[in-house]
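Trainee: Kindly return the folded structure for what I paste below:
(chains A and B)
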Amino acid sequence: MRSTVLCVDSSQLLKGVLDLAVLAVLAERDSYGYDVVRRLREAGLEDVGDASVYGTLRRLFKAGALTSYVVASDEGPHRKYYGLNDVGRSLLQTSAKTWTSFAATMNDLLKEVDPG
Amino acid sequence: MTPPMTPHDYAAAVRAALADLPAGDRDALLEDLDEHLAEVAAEPGMSLEERLGSPEAYAAELRAAYGGRPPGGGSSRGRRLRERTSGAVRRVHTRLLVLPPYRQAAVFAPELRPAWWVLRGYAIALAVLAPISAPGLIPGDIPAWVFTLAVVWGSVWLGRRGRAQASRWGRVLLLGANLVAVVLVITAMADVPSTSSRGVAFDYGPRPEIHTLGVQVENVSAFGGEVTNIFPYAADGTPLHDVRLYDQDGNPIMLEPGFDQEIVIPCDGEPPIRNAYPLPLRPADGRPGRAARGPAARGPEPACTPATPASPTPGPTTPGPTGTATPTASPTASPSPSSE
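Mentor: Next up, the predicted model:
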């Protein structure tokens, strides 16, 4: 009998919290798609995929959590900026709460473990 | 792949890989992919493919992040129609989200679902009971209550079980039940005001009287019954006499005295002004027929009052000396607000 043992890797974890990460980045300031990718990577999420961020932005926008507006630029293409609206802000708030308690629980569980 | 793909080529390839998505979804997802890819390509160093992988892999990642369905899958006509309608509904929804009230409603609407389950069960139970019990918005007796509670319980159970677990026919049935319940609730709400209104109802049936064109105010209901007379008072509490009332068009406002009262008609034949309040009323003496009463109708034994001739023409006239439209002749018309 074979069973699968999953080794946790950060890209796996990221899937669950990418929405929260994107919302948090946008809460800081409005951004366009590629800027969100860059800022997430700068924050330490190096594995974040461009398409994942783009798809997440579009999904959050479709769900009514984001506003968007186009900013014309002389050099380079027009940029579509995204920002949080009330729905997005309340979504961020509840998700952040969930994450915080989840993270606290995990830290508690792992207290005795020495990551070496 | 010697010549590096332009953002446009890359976007076209991604689009092609997502061709199976419903058109509405795909357009919403890929709306500004070209601009986005151009931004990525503007970074110096690597080509788009080196940076992002193959367009197919990019499309798959996009699909996963957008919460899309796996590629392929049957696309029967019914399914496509359903996807198109749901896409249209979603677009309208997104557009309406611009309005703050709608946004707030969209946020708290899910919390109201349990309330809807209860209301749905209640409405359907009452509709089922309607033919066999007294009409009303609450169940009539204990068996009806038991039945209603059972249906509410079933409705909540169905709601909690969720759509996903229901079979296809179950879902159709549930949709039908929801629609029926919506119609029932709306009709019940529309019915309530008409059956239970006890407010003031003015019926301006223009009934020209014999002498004056005026408005007859009927059915002026107040607390406890019909208004048959009006007693005007000045601000300092002095009872006023011979106050002429007119509506917004200058028509005299007239009341029909109650069935047990009649207007006192002076001896000299001048009919009393019908819109001078308080009306000189006295108890009817039991003569049959309301039709006999009226400004021109003379009773066989009129209460003769030496009234000064009053002009029947409407309009502000200089009030005569005290006691012009004397209510003294009518014992019931003592100007007290507590009469009737």
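Trainee: Run a quick neighbour tally on whichever residue of the stretch 51-200 of chain B sits closest to chain A.
Mentor: Of all residues in the stretch 51-200 of chain B, B:Ala65 sits closest to chain A, at 2.9 Å by Cβ to the nearest Cβ. The way it works is simple: take the backbone N, C-alpha and C, and place the C-beta from them, glycine included. Close neighbours of B:Ala65, defined as other Cβ atoms under 10 Å in any protein chain shown, add up to 23.
Trainee: which non-adjacent residue is nearest it?
Mentor: Leaving aside its chain neighbours, B:Ala65 sits nearest to A:Gly55 (2.9 Å; criterion: Cβ to Cβ, 6 or more residues apart in numbering or on different chains).
Trainee: can you map out the helices along the stretch 101-250 of chain B?
Mentor: B:113-129, B:142-161, B:168-196 (DSSP state H, counting those that start in this stretch).
Trainee: Equivalent analysis for chain A, please.
Mentor: A:10-28, A:33-42, A:50-62, A:86-109 (DSSP state H).
Trainee: most packed of those?
Mentor: Counting by mean count of other Cβ atoms under 10 Å in any protein chain shown, helix A:50-62 has the highest mean neighbour count of the helices of chain A, with a mean of 24.
Trainee: low-confidence ranges in the chain?
Mentor: In the absence of a named chain, chain A is used. Scanning chain A for pLDDT under 70 picks out the ranges A:1-4, A:6, A:76-77.
Trainee: wrong one, I was asking about chain B
Mentor: Checking chain B against pLDDT under 70 turns up B:1-3, B:68-80, B:83, B:133-135, B:162-166, B:191-226, B:269-270, B:285-340.
Trainee: near chain A, which residues of it?
Mentor: By Cβ under 8 Å from any Cβ of the partner chain, the part of chain B that sits against chain A consists of B:28-29, B:31-36, B:38-40, B:42, B:51-52, B:58-59, B:61-67, B:90, B:93-94, B:97, B:100, B:103-104, B:106-107.
Trainee: in terms of contact, does B:Leu62 touch A:Gly55 like I think?
Mentor: Yes - B:Leu62 lies in contact with A:Gly55 (Cβ atoms under 8 Å); the separation is 4.4 Å.
Trainee: Common neighbours of these two, please.
Mentor: Shared contacts of B:Leu62 and A:Gly55 (Cβ atoms under 8 Å, 6 or more residues apart in numbering or on different chains): B:Leu29.
Trainee: which residue does chain A bring closest to chain B?
Mentor: For chain A, Cβ to the nearest Cβ, closest residue to chain B: A:Gly55, 2.9 Å.
Trainee: who's in contact with that residue?
Mentor: Here A:Gly55 is in contact with B:Leu29, B:Glu61, B:Leu62, B:Arg63, B:Ala64, B:Ala65, B:Tyr66 (Cβ under 8 Å, 6+ apart).
Trainee: Which of those ranks first by neighbour count?
Mentor: B:Leu62 (28 neighbours).
Trainee: Now name the helix or strand holding that residue.
Mentor: helix B:55-65 (DSSP states H and E).
Trainee: Give the next helix or strand downstream of that helix.
Mentor: helix B:77-96.
Trainee: tell me what that following helix is packed against?
Mentor: Judged by 3 or more Cβ pairs under 8 Å, 6 or more residues apart in numbering or on different chains; DSSP states H and E, the packing partners of helix B:77-96 are helix A:50-62, helix B:23-30.
Trainee: on that earlier part again, give the contact list for the residue of the stretch 51-200 of chain B closest to chain A.
Mentor: Counted by Cβ under 8 Å, 6+ apart, B:Ala65 has contacts A:Leu18, A:Gly49, A:Ala51, A:Ser52, A:Val53, A:Tyr54, A:Gly55, A:Thr56, A:Arg59.
Trainee: Could you rerun that using 7 Å?
Mentor: By Cβ atoms under 7 Å, 6 or more residues apart in numbering or on different chains, the residues touching B:Ala65 are A:Ala51, A:Ser52, A:Gly55, A:Thr56, A:Arg59.
Trainee: Find the nearest non-adjacent residue to the second one, please.
Mentor: I take that to be A:Ser52. In space, A:Ser52 is closest to B:Ala65, 4.3 Å off (Cβ to Cβ, 6+ apart).
Trainee: now swap in the first one and tell me
Mentor: Taking Cβ to Cβ, 6+ apart, and ignoring the residues beside it in sequence, A:Ala51 has B:Glu61 as its nearest neighbour in space, at 3.7 Å.
Trainee: so the one you found sits right up against A:Gly49, yeah?
Mentor: Yes - counting by Cβ atoms under 7 Å, B:Glu61 touches A:Gly49, with 5.2 Å between them.
Trainee: What separation do you get for the residue nearest the centre of chain A and A:Arg29?
Mentor: Computing the C-alpha centroid of chain A and ranking residues by Cα atoms, centre = their mean puts A:Ala21 first, at 2.5 Å. As judged by Cβ to Cβ, to the nearest Å, A:Ala21 and A:Arg29 stand 15 Å apart.
Trainee: related to what we said a few turns ago, contact partners for the residue nearest to the centre of chain A?
Mentor: Contact analysis of A:Ala21 by Cβ under 7 Å, 6+ apart lists A:Leu40, A:Leu45.
Trainee: picking that back up, pick the most deeply packed of the helices of the stretch 101-250 of chain B.
Mentor: For those, the largest average neighbour count (mean count of other Cβ under 10 Å) is found in helix B:113-129, namely a mean of 18.
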